[in-house]
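Asker: Below are the sequence and a predicted model; questions follow.
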Amino acid sequence: MRAALVAAPIAIGVALSGAACASPGSYARGPTLTPALGAAEEREVAAVLDDFHDAAAAGDFDRYFSHFAENAVFLGTNATERWTVAEFREYARHYFGPGGGWTYRPPARHVSVTSDGRTAFFDELLDNDALGETRGSGVLVREDGAWRVAQYNLSIPIPNEVADRVIELIRAPR
């Protein structure tokens, strides 16, 4: 029994040290919260982001847009896609409804909350059936006692080994 009690902390320490040695820029699968004051706020932010994505997948226009701050900005994958929340609402309206919306599943997320508990920063890997792996990042602020998305940036990460080819495609005359 005593050996098991000694072995368990050693096994946990080895597992944690292995996780800490993950390659730079890697994502651990599953939500990752910074171990600091504000962990409860970080869980609140994660829950808001989960509901944000769930509302989009369900085609629930009103619930989805209720997560945005009054002066929010949405940045899409195209360089021309910078919308105020009002502009994004008009753009997105025809995508929502029964069977509509879009589905992004977050297998990994990092959340940090400022020490005053009023602002949160996040980045998340997302799975999407059409685009494959994407990334969402942004800022949430406390507005009227609730976390609201002030900026959301959806991007398509480009693997370094194909970046030169993608750059060529972008620069090619159209």
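Answerer: Cool, got the structure. Residues are numbered from 1 along each chain as shown.

Asker: Going by C-alpha atoms from here, please, whenever you check contacts or count neighbours.
Answerer: Will do.

Asker: Now do the same contact list for the residue nearest to residue 128 when sequence neighbours are not counted.
Answerer: The shortest distance from residue 128 to any non-neighbouring residue, by C-alpha to C-alpha, 6 or more residues apart in numbering, is to residue 104 (5.0 Å). Counting by C-alpha atoms under 8 Å, 6 or more residues apart in numbering, residue 104 touches 53, 57, 126-128.

Asker: got it, and residue 50?
Answerer: So residue 50 contacts residue 106 (C-alpha under 8 Å, 6+ apart).

Asker: can you map out the strands along the chain?
Answerer: 30-33, 68-75, 82-84, 105-113, 119-128, 132-143, 146-155 (DSSP state E).

Asker: strand partners of the longest one, parallel vs antiparallel please.
Answerer: If I follow you right, that is strand 132-143. Note on strand 132-143: by DSSP bridges, its sheet partners are strand 119-128 (antiparallel), strand 146-155 (antiparallel).

Asker: same check, this time on the second one
Answerer: Neighbouring strands of strand 68-75 in its sheet, by DSSP bridges, are strand 82-84 (antiparallel), strand 146-155 (parallel).

Asker: tell me which residues form a beta bridge with the spatially most central residue of the chain?
Answerer: Residue closest to the average C-alpha location in the chain (C-alpha atoms, centre = their mean): residue 124, at 3.2 Å. Beta-bridge partners recorded for residue 124 (DSSP bridges): residue 109, residue 136.

Asker: Might you report the residue contacts of it?
Answerer: 106-110, 135-137.
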